[in-house]
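Next input, structure requested:
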Amino acid sequence: MKINLYTDGACSGNPGKGGYGAVLLFGEKRKEMAEAYELTTNNRMELLAVIKGLEQLKHNKYPIECFTDSKYVCDSINKGWLMSWQAKGFKKKKNVDLWKRMIPLLSKFNPKFTWVKGHAGNALNERCDELAVEAYQKGPWQTDHGYENELD
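Got it, this is the predicted structure:
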């Protein structure tokens with residue numbers, strides 16, 4: 001048994017209205033999640049999709065694999081960039097609030113990250129994209145305080 005987490009983020013304009021979609025699978029169980037934000041970026045939504053998916057998990061007794069079409073997310077973790085950024089105090093890095101939120105989840109769950117090509121027929125990646133786009137198109141929209149704080 002393992003847990004599969006599929007994620008995607010979307011933005012209308014970058015920055016602009018954005019949303020994320022995530023699908024968690026465990027055996028026959030399936031949970032879909034999506035939220036919308038008034039002003040954000042695509043990378044923030046890609047990160048938030050993973051974070052929100054991992055935050056749904058209650059324990060770490062099963063292996064977890066996260067599938068994302070975001071090279072930004074996948075490479076930052078798989079290539080060790082995130083740990084290097086953390087060691088250097090995240091100097092000149094964006095999305096620090098989300099990366100700091102992600103780090104304890106990575107430590108707790110130790111998920112494997114697998115990159116999937118976006119819009120290439122992977123049904124669950126496509127579903128996440130649908131959830132993300134529908135979220136930012138229909139709302140309700142939340143404020144992405146982390147993004148707005150970066151603007152200050």
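
switch to C-alpha atoms for all contacts and neighbour counts from now on
Fine.

For Gln86, what are phi and psi?
Per-residue torsions, Gln86: phi -60, psi -50 (degrees, to the nearest 10).

Based on its surroundings, how many neighbours for it?
Residues near Gln86, counting by other Cα atoms under 10 Å, number 15.

Next one: it from Gly121, what distance?
35 Å (Cα to Cα, to the nearest Å).

Quick check: the gap between Glu38 and Gly139.
Distance from Glu38 to Gly139, counting by Cα to Cα: 8 Å.

Can you list the low-confidence ranges for this protein?
Within the chain, no stretch has pLDDT under 70.

Any idea what Glu35 is bridged to?
Beta bridges link Glu35 to Tyr20 when assigned by DSSP bridges.

From what I see, it and Gly19 are in contact.
Yes. With contact defined as Cα atoms under 8 Å, Glu35 counts as touching Gly19 (5.5 Å).

helices and strands around the longest helix anywhere in the chain, which ones?
Longest helix of the chain, by residue count under DSSP state H: helix 123-138. Helices and strands touching helix 123-138, by 3 or more Cα pairs under 8 Å, 6 or more residues apart in numbering; DSSP states H and E, are strand 3-13, strand 16-26, strand 29-40.

Pull the residues that contact it.
Helix 123-138 is contacted by residues 6-12, 17-23, 33-38, 67-69, 116, 118-119 when judged by Cα atoms under 8 Å, 6 or more residues apart in numbering.

Buried subset of those, written for PyMOL?
Those of the contacts of helix 123-138 that count as buried under 16 or more other Cα atoms under 10 Å are selected in PyMOL with:
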select buried, resi 6+7+8+9+10+11+12+17+18+19+20+21+22+23+33+34+35+36+37+38+67+68+69+116
